[in-house]
Structures are given as structure tokens and as C-alpha cells.
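[1] What would the 3D arrangement of this be:
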Amino acid sequence: MKPVAMIRLSGLSPWPLAAQRIVKDSRMPIARPATDEYVAHFATYIDKVTEPDVVAMLAAQKQSTAKLLAGLTEPQAAYRYAPGKWSLREIIGHLSDAERIFAYRLLRIARGDATPLPGFDENDYVPAGQFERRPLASVAAEFASVRDASLTLLQGLDAEALARRGTASGKPISARALAFIIAGHEKHHLGVIRERYLK
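    This is a model prediction of the structure:
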């Protein structure tokens with residue numbers, strides 16, 4: 001087996017080039033989920049995905065977010081725009097946590113697992129993650145590796161698997177809806193970072 005190509009960006013850990021392999025392959029784009037494949041709460045994120053290919057969007061996000069984070073200082077990473085709000089570094093940690101959970105749900109549903117999946121409270125997860133004890137480069141590298149895992153998971157799923165539906169947090173959800181949620185969730189938080197943290 002040939003070794004996976006690696007890349008290093010501005011001090012971040014090397015990343016497998018899974019995203020580039022996916023974008024260049026001959027797969028069909030994932031069909032947009034119908035509105036009955038997710039609850040209204042998630043429309044906030046799914047509606048942010050306006051690109052025709054959500055997997056290509058996920059790959060592009062990985063590169064653009066890495067570039068943004070590589071240019072920030074530790075004081076910028078620790079910034080909170082108001083008392084009680086997450087720091088910029090904590091937002092990136094939250095993105096890793098949430099994407100891991102969304103991708104886990106996606107995997108189980110795509111595999112035909114009908115077990116109802118529990119919810120999670122991000123306001124408990126972020127303090128427990130202790131992201132402020134780590135350099136931004138470490139938190140950013142973790143997020144990049146999480147995204148690589150999501151991309152390779154999606155690469156191995158066909159249309160039938162992606163259309164399967166399950167239950168998470170007591171609500172119906174499809175595997176493909178979760179792919180769109182992952183992309184839209186990052187887009188939402190990166191918009192907040194640019195608007196409230198970097199001005």
C-alpha cells in the first residue's frame with residue numbers, strides 16, 4: 001500500500017490529503033436532503049449549504065479554516081467578545097466535538113442501525129474539553145483530523161446508505177442531512193468568528 005500523502009500548514013500537524021482525493025474522484029454529489037429528513041432546528045445549518053457539492057464544500061472548508069487559524073495569535077485565540085461567551089479557541093474545539101458526534105450519528109444511520117441515538121449538551125462539553133489549556137495550533141490540528149475522518153467516511157457511502165434515516169435526540173434525521181449539518185454548522189460558527197472575534 002502506498003503511503004498517504006501528507007501536508008503541513010504553518011506549524012500545524014501534517015494532514016492526509018483525503019479531501020483532494022475525494023474532490024477529484026468520479027462520485028456523484030450527495031443529494032440535498034428533503035425537509036422531512038431533519039427537524040426545523042437544523043434548517044439553520046442546512047440552509048447555509050448553497051454549494052452544489054457538500055463534500056467538496058467540506059474539503060474546501062478544511063483548507064480555508066486552516067489558513068485562517070494559522071494566521072492567528074494566542075491572544076486572538078483566547079478572545080471572548082463578551083463575558084460568558086466561548087473563546088475563539090473554544091469554538092474550534094466545539095466544532096471538533098460536534099462534528100465527531102454528527103459523523104458518528106451519520107455512520108450508524110448509514111449502516112442501517114435503528115438504535116435511537118442520544119443528544120448532547122455543547123455547553124457541558126466545551127468546559128470539559130479544557131481547550132484553553134492547549135495552543136491554538138493543537139486545537140486546529142485536531143479539527144483538521146476530525147474533518148479528514150468525516151471526508152473519508154462520506155467517500156465510502158453510496159446514495160442508498162446516505163438516504164437512510166434514523167433517530168437522534170428523539171428526532172428523525174437522515175445520514176445525508178447530517179453531512180449538510182456538518183458543513184452548515186462550521187459555516188455558521190466561522191461567520192460568528194469573522195463578525196465578532198476578528199473585527
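
[2] Spell out the secondary structure type for Pro172.
    When classified by DSSP: H, G, I helix; E, B strand; the rest coil, Pro172 comes out as strand.

[3] what separates it from Gln130, distance-wise?
    34 Å (CB to CB, to the nearest Å). Where you see a C-beta, it was placed from the backbone N, CA and C, and this is true even at glycine.

[4] So between the two, which is more surrounded?
    Taking other CB atoms under 10 Å, Pro172 and Gln130 do not tie; Pro172 has more neighbours (13 against 10).

[5] any weak-confidence spans in this protein?
    1-26 (pLDDT under 70).

[6] Which helix or strand lies directly C-terminal to the longest helix seen in it?
    The residue-count maximum for a helix in the chain (DSSP state H) belongs to helix 88-110. Downstream of helix 88-110, the next assigned helix or strand under DSSP states H and E is helix 122-129.

[7] orientation of that next one relative to helix 88-110 in degrees?
    Helix 122-129 runs at 120 degrees relative to helix 88-110, counting by axes from the mean of the first three to the mean of the last three CA atoms, to 10 degrees.

[8] hmm, who's touching helix 122-129?
    Contacts to helix 122-129, defined as CB atoms under 8 Å, 6 or more residues apart in numbering, come from residues 86, 90, 93-94, 97-98.

[9] for it, which positions count as buried?
    126, 129 (16 or more other CB atoms under 10 Å).

[10] Also stretch 31-39?
    Applying 16+ other CB under 10 Å to stretch 31-39 flags 33, 37-38 as buried.

[11] Kindly format the C-alpha coordinates of that stretch as PDB.
    Written as PDB, here are the backbone C-alpha positions of stretch 31-39 (Å, rounded to 0.1, in the frame of the first residue of the first chain):
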ATOM      1  CA  ALA A  31     -28.400  14.700  -3.000                       C
ATOM      2  CA  ARG A  32     -29.800  17.500  -0.900                       C
ATOM      3  CA  PRO A  33     -32.000  16.200   2.000                       C
ATOM      4  CA  ALA A  34     -35.700  16.800   1.800                       C
ATOM      5  CA  THR A  35     -37.300  18.800   4.600                       C
ATOM      6  CA  ASP A  36     -38.800  15.700   6.200                       C
ATOM      7  CA  GLU A  37     -35.300  14.300   6.700                       C
ATOM      8  CA  TYR A  38     -34.500  16.700   9.600                       C
ATOM      9  CA  VAL A  39     -36.200  18.900  12.100                       C
END
